[in-house]
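Peer 1: Show me how the following folds:
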Amino acid sequence: PPDAEFTIPYLQQGADGALGGVELTWTAEGKTVSDVNDPVLKDLTLKPFEVSGMATINNKTLTNWGACGAFIQSMLRQAFVSGRDMKFLRGSGVGCPLGIVNAPGKITITRDTSAVIKYEDIVTMLGRMLPEAMNGAFFLASLTALPNLMQLSDSSGRLIMVNGDATKGIPATLAGLPLKFTGKLPTIGNEADLILVNPNPYYLIKEGSGPFLAISEHVKFTTNKTVFKIVANIDGQPWVKDPLKLEDGETTVSPYVILK
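Peer 2: Modelled structure (predicted):
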C-alpha cells in the first residue's frame, strides 16, 4: 500500500568509515585471513506523514472568474511542493520528514567571520564533502546570501564571482559545483545559510498516496464560500546517520556539509 511503512537497511559507518569496517588483509598463498568485526546493518523506516492544505474562496469570485477554480488548485499543488521541499531541508522529523539541515550525519563548518560567507568557508566545506558524493553535489544558498556571494573577493580584494565585470549575470556555479538559491534556508549569517549537499542517493524519500484535491460547497454553505483542500502523504530521511571517517583515520566527511 502506498501509505505503508517502507524499511531499508543502512550501514552504520561513522568512525568505521564509508565501508562500515570492512577491511582487506594482504595474504600470502595459504595464509589465514585475520578476523575482523562484522559490519553493522540497521533498519531505516520511512512512513509517509499526512499533510493538508486548504483555501476558501467567495462563490462570487468563482462565478465571475471562470479560471478561478483551476488557479486555486494549481496554487494548492505548488504549496504542497514548496512545503514538502521545506521539510526535506529543515524538517524536524517529528510528524514530518527529517530535513538535511538536521541530519545526524551532517558536518557543520564554523564560518571564518561572523555574519558573512567568505571564500575560505567555501573551500573548507569542499574539504569535508564525502569524496564519493562530490559527483552530483551542489551548493544551496539562502537568497539573502546572494549579495554576499556576488561580492566574494580573493586575498587581494579582487571580485572572484564575476571577475570584476558587473555586466555578467549571477553565476550558475560556485567552486565548479552548481549553485542554487532558495528562500527556504535561514537568512545570511545564520547556520545553514549555505549548504553543500548531494541528496541522490543520500536522502531517501517515500511517497505515499496523493496529492488529492477536493472541493466542497457545504463546509461554509451559509457564508457563500467554497473550500478547496489538498491532502498528500510523504516522508524523507537522510540515509547517512554519522559523519564518516576517511582512510587517513582522522578526517571526517559527509554528504551534508552545513555552514554554521
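
Peer 1: ends of stretch 209-229, how far apart?
Peer 2: Using CA to CA, to the nearest Å, the gap from the first to the last residue of stretch 209-229 comes to 15 Å.

Peer 1: and what of stretch 16-32?
Peer 2: In stretch 16-32, first residue to last residue: 23 Å (CA to CA).

Peer 1: Can you get me a residue count around F228?
Peer 2: Burial of F228, expressed as a neighbour count using other CB atoms under 10 Å, amounts to 20. Where C-beta positions appear, they are placed from N, C-alpha and C, glycine not excepted.

Peer 1: Equivalent analysis for E247, please.
Peer 2: The number of residues packed around E247, counting by other CB under 10 Å, is 9.

Peer 1: residue contacts, V197?
Peer 2: V197 makes contact with 100, 137-138, 140, 203, 255-257 under the criterion CB atoms under 8 Å, 6 or more residues apart in numbering.

Peer 1: Can you lay out those residues as a markdown table showing distance to N190, secondary structure and pLDDT?
Peer 2: Below are the contacts of V197 laid out as a markdown table (distance: CB to CB, whole Å; DSSP: H, G, I helix; E, B strand; the rest coil; pLDDT from 0 to 100):
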| residue | distance to N190 | secondary structure | pLDDT |
| --- | --- | --- | --- |
| I100 | 16 | helix | 97 |
| A137 | 22 | coil | 97 |
| F138 | 20 | strand | 97 |
| L140 | 14 | strand | 97 |
| Y203 | 22 | strand | 95 |
| P255 | 22 | coil | 95 |
| Y256 | 17 | strand | 97 |
| V257 | 16 | strand | 98 |
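
Peer 1: Now list the buried members of those residues.
Peer 2: The neighbour-count test (16 or more other CB atoms under 10 Å) applied to the contacts of V197 identifies 100, 137, 140, 203, 255-257 as buried.

Peer 1: Assign A4 to helix, strand or coil.
Peer 2: Following DSSP: H, G, I helix; E, B strand; the rest coil, A4 is assigned to coil.
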